[in-house]
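In: my questions are about this predicted structure, shown below with the sequence.
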Amino acid sequence: MAEKNPKGVRLNDCDPAFKFQVAAEPGGEGITACFACAACSARCPLAEHAAGFDPRRLIRLTLLGRRQEVLSAPELWICASCYACQETCPQQVRFTEVVTAIRNLAARQGQRPPSAEAILRLLARHGRLLEVDEFANDRRREMGLPLVKEHSEPFRQILGITGDELDPKSAEK
Amino acid sequence: MSRVTLFWPEDPAIKALDPNAIADSLGLDIFSGHAAAAAVVCGPDWPFKSELNGLRHTPRVQTVDLPGLVGGGHASHRHKRARLAVAYAAGLAGQAAPPGEKGPAPALNVLVAGWGLSALAAAREISALGHPVLLATPQESLDVPGPYDDPQAVSRLAGQLVGGAETAWRTGLTDLRGAAGGFTARLKGPGGVWPERFGAVVLAPAGALRHDWQEWHLDPAWALPLEGLDPGSMRGEPGKWRQVALMAGLDPAGTSQGFDRALRAALALQKRPYVQVTLFFYEALVACEGGERRYRQAREAGVLMVRVPATGLSISSGGRLLSWVDPLLGEELELAPDFLAVEGTLFAPPPGFTEKALFWPSWSRLAPEHVRFTGGKSTRPGLYFLGALGGALDPKDRQAQAAAAAADLHHLLNEDNRVVPVINHGSCAQCLTCLRACPHGVLGFAGHRIIPAPAACTACGQCAALCPAHAIAPPGWSNAEITAGLARGLSAAEELKMVVFACSQSALPAFKRLSLEGHTWPAGLLLVPVICAGRVGQELIMKALSLGARRVLVAGCHPGNCGSLTGNLQAGRAVEKTGGLLKKIGLSSALVRFISLAANQPQPLARAVEELDG
């Protein structure tokens, strides 16, 4: 019989090693225990508002070995780490930690969402998420408060260690 | 009504309650010697208290597990609840049992019909427990191994059995009636056909796995039986994984033992380097021993689980390409496996007797995949299915199954454990309602009398719930006795009175668990423990209402989980009918309610009580 339906995803083309990579990340160990009972999907407060976000869907795709789809999924970065799923899971999958593990894998591949990029730049530039400019320090001086200094060097070092180079254009200045 | 005495053991769990106040207000004697005609014993574990051994000579004894029934709340609230529980038990203890006749003594001998490892193991285990065994085998010698038996193990077992069991050669079973303690079997051998009475019957024919390749469009030259796979030779390479597809029984009516066999094979294969196993199954059947653990182990090892109905899997090229719709993703997936192996269906020659003989509509109802019937047990007490008929293939599993069946039947036939329904032949109208109602096949009809099998009754009380003449009940569970308990219990309640009938398999443990966790129950809640929710008929619900209960809750097991098969359904129907009656007389049908729950999920019970109370 002729091989039918070229539209379906073929498991032979997926990566069976992907789930083991996720499980090898700290926090990702529980992923293979999932039996798709949907307790997490039912409890997830974000699933109500973000169409397409479903914890067990991400798990299922990971277990099937659909690496690129998972690592580039925008839903990966929607989870707010409220731990509702983790509390309700009957199989102790610990999805919040699993999703962190998958995010780490994605980040290492350079698949960061724009918001994470912006956070990185701010940290490297100012050593904090909010720029403290002279205007703010002037007001602090008026109110008799100690001045705030930006210590961005340690962050640059840390980001350098993890291989996260700053965009040279934004790092100068 | 006889004098009732309250015994109060030294137990730290109930120390905070005041037995004197309870006894005074209920008019009970308090513990003073062993001469009481009827007694109520409080405390969680009284039979193990040596000082209460004298109670065994007291004709009617009720025990109350107070910590499990009282629950949390203020001291005065707890006192009220304890008083209610004691009052119910005192009512029960003070009521004389209805007159009736007991059935005949059970037969203790056991028929083992079959051959091969399972039959021999069962015969050995059962005779070791002191029961005379007749081994009816179609063979001419004991050491004929079945298709999956180790010939050495079989001949060793046969050697051990010599002299331990009577043997009928070339003999089969042609008819079987009755239940534990009183089976009548018709055996057919070279000498003719003869009837014989047995206490228990074990069916253990040797069977084989059957593969229906054609029906599933599988190419038998390519697809393998599960036993044909050799995990040791399987390995892939990085970037070039071996894809193995396993099918856990293509028959939708699979068994947990079959699913377990597939899980074991999947685990062994998944551990090989660069081998990915995808396991296709219709339902995750994990009711066998260790089944749930192995299901989890397989998932953790990385086996990909695909749950798909048999009709949802499309098999093309003789099994070289599989495609299905993943229900979670809603996408079509496909797999071209390097190997495809199928778990066969265990098949044993059906027994020679007709299904009608056992008064059940279908053969499968006798040996269901049911969480309460493991270890070869069937829904008919005293009848066991071992080996291929019981779904077990692995020699270790089969030996364990035989041992479990032997222990179970020994317990059933043991004099101390027997329950025989009490029948009042004077008021029996012989309408045979009880015969139709009994899910365990306990009752038979002969010589214009209802004759109970001596050891098969589980005291579920479905006969008593339906008998229009109040002529039958398991001992201790007659309408008269429960009504006496209700009357005394409800008269002791002051606030909004509520009766909760709690099934001993689900609602009672759930109630006790909540109590021990400190859940505060309404002060007027009277808990009536029943063996099975099926004991509760329309009559008892109406009795509770007429005695002053304002709400009645009947709590039983989930559909399909009832140890007495139909008890929960019957209780649900009784509640529904009573609700209809209440509506007719202008009351709300919401005063009576049925809920189903599991022992380990007590929340529905707390919620239902709260809703009824409010």
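Out: Looks like it came in fine.
In: any weak-confidence spans in chain A?
Out: Applying pLDDT under 70 to chain A flags residues A:1-7, A:161-173.
In: how about the helices in it?
Out: A:17-24, A:39-43, A:55-64, A:67-71, A:84-88, A:95-108, A:114-126, A:134-142, A:153-161, A:168-171 (DSSP state H).
In: need those in TSV with mean neighbour count and distance to chain B, can you?
Out: C-beta: built from backbone N, CA, C; applies to glycine. Output for these, formatted as TSV (neighbours: other C-beta atoms under 10 Å in any protein chain shown; distance: least, C-beta to the nearest C-beta, whole Å):
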stretch	mean neighbour count	distance to chain B
helix A:17-24	18	6
helix A:39-43	18	9
helix A:55-64	24	5
helix A:67-71	18	10
helix A:84-88	18	14
helix A:95-108	21	14
helix A:114-126	15	27
helix A:134-142	11	50
helix A:153-161	13	29
helix A:168-171	10	36
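In: for B:Ala123, see how far away the closest residue to B:Gly72 other than its chain neighbours is.
Out: Nearest residue to B:Gly72 in three dimensions, chain neighbours excluded: B:Gly518, at 3.6 Å (C-beta to C-beta, 6 or more residues apart in numbering or on different chains). As judged by C-beta to C-beta, to the nearest Å, B:Gly518 and B:Ala123 stand 52 Å apart.
In: same question for B:Gln139.
Out: Applying C-beta to C-beta to B:Gln139 and B:Ala123 gives a distance of 13 Å.
In: more neighbours: which of these two?
Out: Comparing B:Gln139 with B:Ala123 by neighbour count (other C-beta atoms under 10 Å in any protein chain shown), the higher total belongs to B:Ala123, at 31 against 16.
In: my guess is the more buried one meets B:Ala165, correct?
Out: Yes: with contacts counted by C-beta atoms under 8 Å, B:Ala123 reaches B:Ala165, the gap being 4.6 Å.
In: any common contacting residues for those two?
Out: Counting by C-beta atoms under 8 Å, 6 or more residues apart in numbering or on different chains, the shared contacts of B:Ala123 and B:Ala165 are B:112, B:133, B:135.
In: look up phi and psi at the last one.
Out: For B:Leu135, the backbone dihedrals are phi -100, psi 110 (criterion: degrees, to the nearest 10).
In: and if you look at the second one?
Out: Backbone torsions for B:Val133, taken as degrees, to the nearest 10, come to phi -120, psi 130.
In: which residues are in contact with it?
Out: By C-beta under 8 Å, 6+ apart, the contact set of B:Val133 is B:109-112, B:123, B:126-127, B:164-166.
In: pLDDT added to those, as TSV?
Out: Output for these, formatted as TSV (pLDDT from 0 to 100):
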residue	pLDDT
B:Asn109	95
B:Val110	97
B:Leu111	96
B:Val112	95
B:Ala123	96
B:Ile126	96
B:Ser127	94
B:Gly164	79
B:Ala165	87
B:Glu166	92
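In: which among the residues you listed end up buried?
Out: In those, burial by neighbour count holds for B:109-112, B:123, B:126-127, B:165, counting by 16 or more other C-beta atoms under 10 Å in any protein chain shown.
In: filtering the residues you listed by proximity to chain A, which remain?
Out: Among the buried ones among the contacts of B:Val133, none lies close to chain A by the criterion of C-beta under 8 Å from any C-beta of the partner chain.
In: would you reformat those residues as JSON lines and include secondary structure?
Out: As requested, the buried ones among the contacts of B:Val133 are exported to JSON lines (DSSP: H, G, I helix; E, B strand; the rest coil):
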{"residue": "B:Asn109", "secondary structure": "coil"}
{"residue": "B:Val110", "secondary structure": "strand"}
{"residue": "B:Leu111", "secondary structure": "strand"}
{"residue": "B:Val112", "secondary structure": "strand"}
{"residue": "B:Ala123", "secondary structure": "helix"}
{"residue": "B:Ile126", "secondary structure": "helix"}
{"residue": "B:Ser127", "secondary structure": "helix"}
{"residue": "B:Ala165", "secondary structure": "coil"}
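In: quick one: contacts for residue 105?
Out: As the question left the chain open, I've gone with chain A. By C-beta under 8 Å, 6+ apart, the residues touching A:Leu105 are A:21-22, A:25, A:71.
In: meant chain B actually
Out: Applying C-beta under 8 Å, 6+ apart, we find B:Ala105 in contact with B:Pro454.
In: excluding chain neighbours, what is closest to the spatially most central residue of chain A?
Out: When C-alpha atoms, centre = their mean is applied to chain A, the residue found nearest the centroid is A:Arg103 (3.5 Å). Nearest non-adjacent residue to A:Arg103, counting by C-beta to C-beta, 6+ apart: A:Leu76, 6.1 Å away.
In: try A:Asn12
Out: Nearest residue to A:Asn12 in three dimensions, chain neighbours excluded: B:Ala336, at 5.5 Å (C-beta to C-beta, 6+ apart).
In: that neighbour contacts B:Ser323, correct?
Out: No: using C-beta under 8 Å, B:Ala336 is not in contact with B:Ser323; the gap is 9.6 Å.
In: please report how far the residue nearest to B:Gly72 lies from chain A.
Out: Distance of B:Gly518 to chain A, given as C-beta to the nearest C-beta, to the nearest Å: 22 Å.
In: again, but for B:Ser323
Out: 6 Å.
In: three-state assignment of that residue?
Out: strand.
In: quick one: the strands in the stretch 1-150 of chain B?
Out: Ranges of strands within the stretch 1-150 of chain B are B:4-7, B:29-30, B:38-42, B:60-64, B:110-114, B:133-136, based on DSSP state E, counting those that start in this stretch.
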